[in-house]
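Undergrad: Starting from these lines, generate the structure:
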Amino acid sequence: MLELAILGFLTDGPLHGYELRRRVTQLSGYTRPVSDGSLYPAIKRLVRQGLLEQRTEPGSAAAPRQVLHLTADGRGELLRRLREPDEHEITDNTKFITILAFLSRLPDPAARAAVLRRRLAFLEAPASFFYDGDRPLRAEEVDDPYRRGMLRVARATSTAERAWLHEILAEPETDRAPTDKT
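TA: Model prediction:
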């Protein structure tokens, strides 16, 4: 998802590594900060694959700095990843948030809706953190107050997200103004 975030943020325009790291950290939350040890190897991979270009540009007050630019192939790869997310990217909350952050870059309304329908189908399937055999346990069936709390918070979050998904999928596409910068 780090690579998706890099490609996604560069659709807004060229960035230097420090600014890119700041934006990715803000998206992923400060509980999962992005280290230089993960960001810069990911950038190098994307440059080697021809998805990014790294250009030396004059700094505003100091030495020249490396600025990252999205290539046409990088834009194509971003759109492919948004159109065809892996199953774990649909089911993992943090990964899906990254997809949502850039889904408006996908120009095809039907493709965006298909991704949202996949997430909705996942959320509507019975699930729990705890089971009795194969049967998911509900908060009311759990004695441990902390586990019960986990289940109640998860239920509230899931209920809110399902309501939003139903709402956005019911809206005509013309009611939305995606910021398509691709």
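Undergrad: which other helices and strands contact whichever helix in the chain runs longest?
TA: If you go by DSSP state H, the chain has its longest helix at helix 145-170. Here helix 145-170 touches helix 109-124, going by 3 or more CB pairs under 8 Å, 6 or more residues apart in numbering; DSSP states H and E. From N, CA and C alone the C-beta is placed, and that goes for glycine too.
Undergrad: Tell me both backbone torsions, phi and psi, for the most far-flung residue of the chain relative to its centre.
TA: Each residue of the chain has a distance to the centre, and by CA atoms, centre = their mean the biggest one is for residue 143: 34.5 Å. Main-chain dihedrals, residue 143, degrees, to the nearest 10: phi -80, psi -40.
Undergrad: burial measure for the closest residue to residue 94 other than its chain neighbours, as a count.
TA: Leaving aside its sequence neighbours, residue 94 sits nearest to residue 28 (CB to CB, 6 or more residues apart in numbering; 6.9 Å). Look at residue 28: counted by other CB atoms under 10 Å, it has 18 neighbours.
Undergrad: isn't residue 28 right up against residue 34?
TA: Yes: counting by CB atoms under 8 Å, residue 28 sits close enough to residue 34 to count as a contact (6.5 Å).
Undergrad: ok, now which ones touch residue 108?
TA: When contacts are counted by CB atoms under 8 Å, 6 or more residues apart in numbering, residue 108 touches residue 83.
Undergrad: and if we set it to 10 Å?
TA: Neighbour list for residue 108: 79, 82-83, 114, 173 [criterion: CB atoms under 10 Å, 6 or more residues apart in numbering].
Undergrad: gap between it and residue 114?
TA: Counting by CB to CB, to the nearest Å, the gap from residue 108 to residue 114 is 9 Å.
Undergrad: shared neighbours of the two, which are they?
TA: Taking CB under 10 Å, 6+ apart as the criterion, residue 108 and residue 114 both touch residue 83.
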